[in-house]
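Trainee: Turn this into a model:
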Amino acid sequence: MPNSTKSFTVKKAKPDDWQLRLFFSVDLIGSTDFKASRMYKSDDQHPDTVLWHSPFKKFYSDFPRELQCEASELEKKSKITLTSKDNGVVQPAPWKYLGDEILLSAIVNDSRAVPLYVVAFKNALRKYSDKLKKSSQMECKGTMWTAGFPVSNRRVSPGGRNKPVDFIGPHMDCGFRLAKFSTERLLMISLDVVWMVSEHLDKGRHSIFNDDWQKENDVRIYFHGMEVLKGIMAGRSYPVFGVDTVLSNEIPSKHPNDQLLRYLDRKPCDLAQVCNFCYGFTKANELYLFKPFIDSDPGKLFCDPPSAEFVDKWRRIKELEEMEKHASLKQPPTNDVKKLDPEITKTTAELVPSNRGKSGDRSTKKKGTKRRRPIR
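Mentor: You can find the predicted model right below:
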């Protein structure tokens with residue numbers, strides 16, 4: 001007798017099911033020289049070589065606070081949420097420490113928050129670098145990128161449930177590859193960050209940021225060039241953009257050995273042209289890239305899913321996650337057809353193992369055992 005068809009219910013999306021995260025990487029420049037010079041010799045200013053690690057301990061705790069303070073100030077002025085809590089932790093929050101590098105992340109629920117985060121990050125980098133120079137001769141450099149979950153990238157807990165979460169996927173790899181181009185003057189930003197910043201700051205296109213705001217915060221985007229990033233887009237060149245962390249009225253005198261001059265001497269990118277470039281480049285490479293997506297984006301510019309295929313993949317992922325959950329609990333998926341959403345109901349006769357025996361009998365009663373009659 002053939003197996004009966006079983007149906008499988010996928011719960012409707014929670015707010016965090018479709019999630020765009022913004023990632024920040026801040027690294028120390030000159031840390032190797034600093035550690036070597038302080039570890040093996042002392043001088044009048046640093047007599048105790050044992051305390052060489054002190055600036056690093058302060059960096060781990062002080063820089064995240066610096067970034068959160070900058071974000072908080074912009075939040076008050078713009079009325080756009082930047083420092084909401086994720087699992088009780090104020091964002092942007094550190095999620096990993098890699099030697100002299102801090103990785104932070106924030107959930108983005110409004111595309112208008114992205115240019116604000118860029119300003120907050122470049123301000124924090126500049127101010128903290130100024131402090132470091134005075135005490136240790138070190139500086140900071142940074143990189144920003146986004147990654148969408150759970151279709152293109154995934155959240156995983158290597159240690160199991162209730163353990164620290166890690167983020168993996170091609171967009172994460174792309175962000176790490178971009179970090180090698182960042183400098184003390186240039187904050188590197190991924191193509192999707194460039195797209196959202198230019199869309200909102202371009203005066204001729206959907207701008208909510210007035211001239212006074214733009215003059216005060218001075219976001220200048222420069223095109224670094226086309227670069228092949230190892231493992232990204234199957235060897236195709238990727239456009240590399242950066243934001244100058246120094247304000248126009250604070251640019252230091254030019255130095256003949258300054259490697260940044262080859263593109264910082266040029267004029268900043270025209271934002272309308274950048275918008276058109278981002279759209280065209282993404283369209284031409286849609287196998288690897290798609291327009292950033294924020295469910296119910298208040299900014300109204302990035303609220304549409306990239307494609308029907310994207311939606312189908314999301315539904316399939318939710319099905320598999322639900323199946324894994326039931327399998328781990330040793331419970332069969334729900335079979336209540338009345339409660340099923342017809343749009344996301346799938347037939348899983350081949351995916352879900354049948355509980356029937358060869359004879360079609362579901363009973364697991366052992367032979368030779370008798371049922372006890374109830375005592376009356």
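Trainee: Let me see the ranges of the strands in the protein.
Mentor: 7-8, 19-29, 85-86, 89-90, 93-98, 101-108, 139-149, 154-156, 166-168, 186-189, 221-228, 237-244, 346-347 (DSSP state E).
Trainee: Using a markdown table, lay out those strands together with mean pLDDT, mean neighbour count and distance to R266.
Mentor: For every residue, glycine as well, the C-beta is placed using N, CA and C. Formatted as a markdown table, the strands of the chain follow (pLDDT from 0 to 100; neighbours: other CB atoms under 10 Å; distance: least, CB to CB, whole Å):
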| stretch | mean pLDDT | mean neighbour count | distance to R266 |
| --- | --- | --- | --- |
| strand 7-8 | 32 | 19 | 56 |
| strand 19-29 | 95 | 22 | 23 |
| strand 85-86 | 84 | 12 | 39 |
| strand 89-90 | 88 | 13 | 38 |
| strand 93-98 | 94 | 15 | 33 |
| strand 101-108 | 96 | 21 | 29 |
| strand 139-149 | 95 | 25 | 20 |
| strand 154-156 | 87 | 14 | 39 |
| strand 166-168 | 93 | 15 | 34 |
| strand 186-189 | 96 | 26 | 13 |
| strand 221-228 | 94 | 15 | 7 |
| strand 237-244 | 96 | 21 | 11 |
| strand 346-347 | 41 | 12 | 53 |
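Trainee: now the ones you listed as CSV including distance to Q214?
Mentor: What follows is the strands of the chain, written out as CSV (distance: least, CB to CB, whole Å):
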stretch, distance to Q214
strand 7-8, 51
strand 19-29, 21
strand 85-86, 29
strand 89-90, 27
strand 93-98, 28
strand 101-108, 21
strand 139-149, 19
strand 154-156, 35
strand 166-168, 32
strand 186-189, 17
strand 221-228, 12
strand 237-244, 13
strand 346-347, 49
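Trainee: Show me the one of those strands that comes nearest D202.
Mentor: Distance to D202, taken as CB to CB, is lowest for strand 221-228 among the strands of the chain, at 10.7 Å.
Trainee: show me the contacts for W95.
Mentor: Taking CB atoms under 8 Å, 6 or more residues apart in numbering as the criterion, W95 is in contact with 103-105, 164-167.
Trainee: and those as JSON lines, adding distance to K230?
Mentor: Formatted as JSON lines, those follow (distance: CB to CB, whole Å):
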{"residue": "L103", "distance to K230": "19"}
{"residue": "L104", "distance to K230": "24"}
{"residue": "S105", "distance to K230": "23"}
{"residue": "P164", "distance to K230": "27"}
{"residue": "V165", "distance to K230": "25"}
{"residue": "D166", "distance to K230": "20"}
{"residue": "F167", "distance to K230": "19"}
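Trainee: ok, K133 - contacts?
Mentor: E139.
Trainee: For stretch 144-159, list the C-alpha coordinates in PDB.
Mentor: Extracted C-alpha coordinates of stretch 144-159, given in PDB (Å, rounded to 0.1, in the frame of the first residue of the first chain):
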ATOM      1  CA  MET A 144      32.100  48.200   6.200                       C
ATOM      2  CA  TRP A 145      29.900  45.700   4.400                       C
ATOM      3  CA  THR A 146      26.500  44.200   4.600                       C
ATOM      4  CA  ALA A 147      25.300  40.600   4.500                       C
ATOM      5  CA  GLY A 148      21.700  39.300   4.100                       C
ATOM      6  CA  PHE A 149      20.300  36.300   6.100                       C
ATOM      7  CA  PRO A 150      19.300  33.500   5.700                       C
ATOM      8  CA  VAL A 151      19.400  33.100   1.900                       C
ATOM      9  CA  SER A 152      22.900  34.200   0.800                       C
ATOM     10  CA  ASN A 153      24.600  33.900   4.200                       C
ATOM     11  CA  ARG A 154      23.900  32.000   7.300                       C
ATOM     12  CA  ARG A 155      24.200  32.400  11.100                       C
ATOM     13  CA  VAL A 156      25.800  29.400  12.800                       C
ATOM     14  CA  SER A 157      26.600  28.400  16.300                       C
ATOM     15  CA  PRO A 158      29.800  26.300  16.100                       C
ATOM     16  CA  GLY A 159      29.600  25.200  19.700                       C
END
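Trainee: pretty sure L104 is in contact with P92, am I right?
Mentor: Yes. The criterion here is CB atoms under 8 Å, and L104 meets it with P92 at 4.5 Å.
Trainee: what is in contact with those two at once?
Mentor: Shared contacts of L104 and P92 (CB under 8 Å, 6+ apart): 24, 64, 67.
Trainee: Just the closest of those residues to P55, please.
Mentor: Distances from P55 to these, taken by CB to CB, are shortest for P64, at 15.3 Å.
Trainee: So that closest one is in contact with P94, correct?
Mentor: Yes. Counting by CB under 8 Å, P64 does reach P94; the two are 5.3 Å apart.
Trainee: Pull up the overlap in contacts between these two.
Mentor: In contact with both P64 and P94: 102, 104, using CB under 8 Å, 6+ apart.
Trainee: low-confidence ranges in the stretch 101-250 of the chain?
Mentor: For the stretch 101-250 of the chain, the stretches with pLDDT under 70 are 160-162, 204-207, 248-250.
Trainee: hmm, try it at 90
Mentor: Applying pLDDT under 90 to the stretch 101-250 of the chain flags residues 133-137, 149-165, 202-216, 246-250.
Trainee: do the stretch 251-376 of the chain as well
Mentor: In the stretch 251-376 of the chain, residues with pLDDT under 90: 251-267, 286-287, 290, 293, 295-301, 303-376.
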